[in-house]
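> Sequence first, predicted coordinates after that:
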Amino acid sequence: MSQFTIATRESRLALWQAEHVQALLEQRGHAVALLGMTTKGDQILDRSLSKVGGKGLFVKELEVALEEGRADLAVHSLKDVPMDLPEGFALACVMEREDPRDAFVSNKYRQLADLPQGAVVGTSSLRRVVLLRALRPDLKIEPLRGNLDTRLRKLDDGQYDGIVLAAAGLKRLGLAGRIRQVFEPTEMLPAAGQGALGIEIRAARGDVAEALAPLANQSTWLAVAAERAVSRSMGGSCSMPLAAHAHFEGEYLQLNAAWGDPDQAGVLVRARSADVVADLEQAAALGEAVAARLRAGGAR
Ligand SMILES: NCc1[nH]cc(CCC(=O)O)c1CC(=O)O
């Protein structure tokens with residue numbers, strides 16, 4: 001039994017996720033403390049993340065805490081974790097996935113299809129922008145940043161007719177009641193890693209990896225490895241409107257991906273493939289095959 005410190009952002013969702021891992025480790029007899037910190041991504045709320053440096057903004061400060069030995073592990077929404085971790089860091093485990101789908105939240109409309117012509121929808125995700133445009137080219141899409149509570153408050157203030165959020169975050173915070181419609185992946189394909197938690201450690205910390213091993217969910221890990229391989233193969237930045245979602249049907253991993261052209265509204269390339277996947281290498285190969293199909297379809 002060991003003593004561990006979890007480095008965590010201080011948004012309600014990040015704290016929920018860190019406390020979730022804390023409870024699971026404590027059930028196994030470990031003593032676990034939390035170290036809360038604010039990241040650049042939490043501070044910069046006025047600009048689209050893709051313009052100010054991308055996903056890494058949410059994890060850098062946590063990595064510094066791991067590097068300096070102030071913490072032993074960091075819990076991330078995998079969606080926010082860059083494809084390649086810095087030298088010396090490792091993804092120790094990927095946990096069971098919450099709902100990976102996107103959700104439509106509104107105080108006035110039951111579903112996206114009920115929105116009137118030209119209604120205002122909030123999202124700052126380029127992926128959601130291109131997928132929304134494909135579903136409803138008439139909508140006015142406005143930026144929406146901040147943590148979950150902030151985004152919901154902006155909706156409640158009347159700035160938007162509806163907003164799109166990850167179902168996972170809402171469910172974790174007990175806000176599932178706000179969801180009006182859950183999009184099926186066929187209409188709104190999720191981001192790589194959406195809904196899954198990943199735990200980052202210093203690669204040299206075999207002791208921490210060992211304690212975390214029982215928390216891993218192998219089929220989630222394989223699915224998100226395939227999704228993340230699509231992103232990596234396409235260049236891996238979150239300034240790219242890219243969606244990737246994988247799920248098992250028996251031993252076959254079904255992988256769907258979509259790429260939207262940020263410069264040419266309406267251009268959306270979709271690709272899919274399936275294969276028997278039993279290890280991370282096979283998952284990555286499936287992801288690369290789908291990325292190759294996206295490129296063959298015109299994605300850059
Ligand atoms: N980009 C922010 C972010 N990172 C993870 C989640 C939700 C939880 C998850 O996907 O695990 C969210 C909020 C959202 O996209 O609505």
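Here it is on my side, so go on.

> okay, CA-based contacts and neighbour counts for the rest of this
Will do.

> which stretches of the protein form strands?
Ranges of strands in the chain, per DSSP state E, are 3-9, 31-37, 73-77, 89-94, 102-105, 120-122, 140-142, 162-166, 179-182, 197-202, 242-249, 252-260, 268-276.

> Next, format these as TSV and append distance to the ligand and mean pLDDT.
Putting those into TSV (distance: least, C-alpha to the nearest ligand atom, whole Å; pLDDT from 0 to 100) gives the following:
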stretch	distance to the ligand	mean pLDDT
strand 3-9	12	96
strand 31-37	16	97
strand 73-77	5	96
strand 89-94	11	96
strand 102-105	8	98
strand 120-122	11	98
strand 140-142	15	97
strand 162-166	4	98
strand 179-182	12	98
strand 197-202	6	98
strand 242-249	12	98
strand 252-260	17	97
strand 268-276	20	97
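
> Export these to TSV and append columns for mean neighbour count.
Shown next, in TSV, are the strands of the chain (neighbours: other C-alpha atoms under 10 Å):
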stretch	mean neighbour count
strand 3-9	23
strand 31-37	16
strand 73-77	25
strand 89-94	21
strand 102-105	25
strand 120-122	22
strand 140-142	17
strand 162-166	24
strand 179-182	19
strand 197-202	25
strand 242-249	24
strand 252-260	24
strand 268-276	18
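
> can you list those strands in JSON lines and add distance to residue 211?
Listed next are those as JSON lines, based on distance: least, C-alpha to C-alpha, whole Å:
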{"stretch": "strand 3-9", "distance to residue 211": "10"}
{"stretch": "strand 31-37", "distance to residue 211": "11"}
{"stretch": "strand 73-77", "distance to residue 211": "11"}
{"stretch": "strand 89-94", "distance to residue 211": "10"}
{"stretch": "strand 102-105", "distance to residue 211": "32"}
{"stretch": "strand 120-122", "distance to residue 211": "40"}
{"stretch": "strand 140-142", "distance to residue 211": "44"}
{"stretch": "strand 162-166", "distance to residue 211": "29"}
{"stretch": "strand 179-182", "distance to residue 211": "35"}
{"stretch": "strand 197-202", "distance to residue 211": "11"}
{"stretch": "strand 242-249", "distance to residue 211": "27"}
{"stretch": "strand 252-260", "distance to residue 211": "28"}
{"stretch": "strand 268-276", "distance to residue 211": "29"}
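
> Which of these sits closest to residue 236?
Closest to residue 236 of the strands of the chain is strand 242-249 (C-alpha to C-alpha; 9.1 Å).

> Kindly format the C-alpha coordinates of the closest one as PDB.
Only the C-alpha atoms of strand 242-249 are listed here, as PDB (Å, rounded to 0.1, in the frame of the first residue of the first chain):
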ATOM      1  CA  LEU A 242     -11.400  15.800 -36.800                       C
ATOM      2  CA  ALA A 243     -13.700  13.200 -35.300                       C
ATOM      3  CA  ALA A 244     -12.800   9.600 -34.500                       C
ATOM      4  CA  HIS A 245     -14.900   7.000 -32.700                       C
ATOM      5  CA  ALA A 246     -14.400   3.300 -32.200                       C
ATOM      6  CA  HIS A 247     -16.500   0.600 -30.600                       C
ATOM      7  CA  PHE A 248     -16.200  -3.200 -30.400                       C
ATOM      8  CA  GLU A 249     -18.700  -5.500 -32.100                       C
END
